[in-house]
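Engineer: Quick one, what's the 3D model for this:
(one chain, ligands or ions: 2)
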Amino acid sequence: MKIAVTGVSGRMGRMLVDAVSETEDATLHGAIERSGHDWVGRDLGEILPAGSGVTVTDDPAKGIAGADAVIDFTAPDATVALAKSAAEAGVAHVIGTTGFDDSHIAQLDACADRIAIVRAGNMSLGVNLLTQLVRQVAASLGVEYDIEVVEAHHRHKVDAPSGTALMLGEAAAEGRGISLSGMADRARDGITGPREAGHIGFHAIRGGDIIGAHDVIFAGPGETITISHAATDRQLFAKGALRAALWTVGKAPGHYDMLDVLGLR
Ligand SMILES: NC(=O)C1=CN([C@@H]2O[C@H](COP(=O)(O)OP(=O)(O)OC[C@H]3O[C@@H](n4cnc5c(N)ncnc54)[C@H](OP(=O)(O)O)[C@@H]3O)[C@@H](O)[C@H]2O)C=CC1
Ligand SMILES: O=C(O)C1=N[C@H](C(=O)O)C[C@H](O)C1
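Structural biologist: Ligands and ions are numbered 1, 2, ... in the order given. Here you go, the predicted model:
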């Protein structure tokens, strides 16, 4: 399978170049960076040995031409622009980017009428399994169990709450049979008053080189249940994204997630 990688100089972009080179069924076909980046126009192999023979481009249409799928861990506006190019070219789009608003999602949905898009705030098996568990626990416990999602990431992360925290919060809300919007408390400060029953709280820690850690806390009368996940190697996300790209072969247009890829739905 021919894979293009965008945001190739980023933390995840570099991981993806290695993951592709280590996968027998995949070859690196294209590499994209933003305009003005000093990697543009260079052979990727000069910088990342596994990318040898691929010239970095800032033209998304050129970077994905002839590819079967493009893997994208960049930023929301860049991802939406790339989805439009991928839809035009008929190339499947695997999206790890987080931090989307409703308008971004609506634009991605429109592109998913034309191509297979796989999007997940976390590409790991462990977190996707946890969403199932969180849904089940939330469905079993009443509102006397307060749900709080705590996440921790490295100092460079630009969005909060993390995509994973939102996935876990959505799963908890689904389990409770409520919609997360309007029920999410995103951090607290000052005289907040007592906690609102039924709300789901989010808390973001940023520091150092933490790869990604998530706790879902169910704090109830006389007991607290905590469901935790900690990533210890970013390669985990790259391998999950590559698995998603391989999965798109022959898939109908649609907006899929990792539960589809992992057969967990
Ligand atoms: N779903 C998952 O499992 C995971 C998701 N993520 C998400 O992936 C995203 C990226 O994370 P990370 O790799 O740590 O971030 P980085 O900032 O290290 O990488 C992002 C890369 O995208 C590049 N970029 C920005 N705009 C464009 C553009 N228009 N075209 C091409 N490239 C562009 C950046 O270039 P420049 O630096 O020059 O601006 C940078 O190289 C985040 O949203 C993060 O939350 C991360 C890990 C796992
Ligand atoms: O930015 C990151 O690094 C990560 N982002 C994703 C998120 O927002 O949840 C996934 C992972 O936790 C790492």
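Engineer: Where do the helices of the stretch 51-200 of the chain begin and end?
Structural biologist: Assigned by DSSP state H, counting those that start in this stretch, the helices in the stretch 51-200 of the chain fall at 60-64, 76-89, 102-111, 125-140, 163-176.
Engineer: would a markdown table of these with mean pLDDT be doable?
Structural biologist: Below are the helices of the stretch 51-200 of the chain laid out as a markdown table (pLDDT from 0 to 100):
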| stretch | mean pLDDT |
| --- | --- |
| helix 60-64 | 98 |
| helix 76-89 | 98 |
| helix 102-111 | 98 |
| helix 125-140 | 98 |
| helix 163-176 | 98 |
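Engineer: export these to a markdown table and tack on distance to A231 and mean neighbour count?
Structural biologist: Using the backbone N, CA and C atoms, a C-beta is placed for each residue, glycine as well. Formatted as a markdown table, these follow (distance: least, CB to CB, whole Å; neighbours: other CB atoms under 10 Å):
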| stretch | distance to A231 | mean neighbour count |
| --- | --- | --- |
| helix 60-64 | 28 | 22 |
| helix 76-89 | 21 | 20 |
| helix 102-111 | 24 | 15 |
| helix 125-140 | 8 | 18 |
| helix 163-176 | 9 | 23 |
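Engineer: Turn these into TSV, columns for distance to ligand 1.
Structural biologist: Listed next are these as TSV, based on distance: least, CB to the nearest ligand atom, whole Å:
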stretch	distance to ligand 1
helix 60-64	7
helix 76-89	3
helix 102-111	11
helix 125-140	8
helix 163-176	6
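Engineer: Let's have the ones you listed in TSV, adding distance to T224.
Structural biologist: Shown next, in TSV, are the helices of the stretch 51-200 of the chain (distance: least, CB to CB, whole Å):
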stretch	distance to T224
helix 60-64	47
helix 76-89	35
helix 102-111	33
helix 125-140	12
helix 163-176	15
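Engineer: Identify the residues contacting the closest residue to ligand 1 within the stretch 1-150 of the chain.
Structural biologist: Residue of the stretch 1-150 of the chain nearest ligand 1, by CB to the nearest ligand atom: G10 (2.1 Å). With contact set as CB atoms under 8 Å, 6 or more residues apart in numbering, G10 has these partners: F73, T74.
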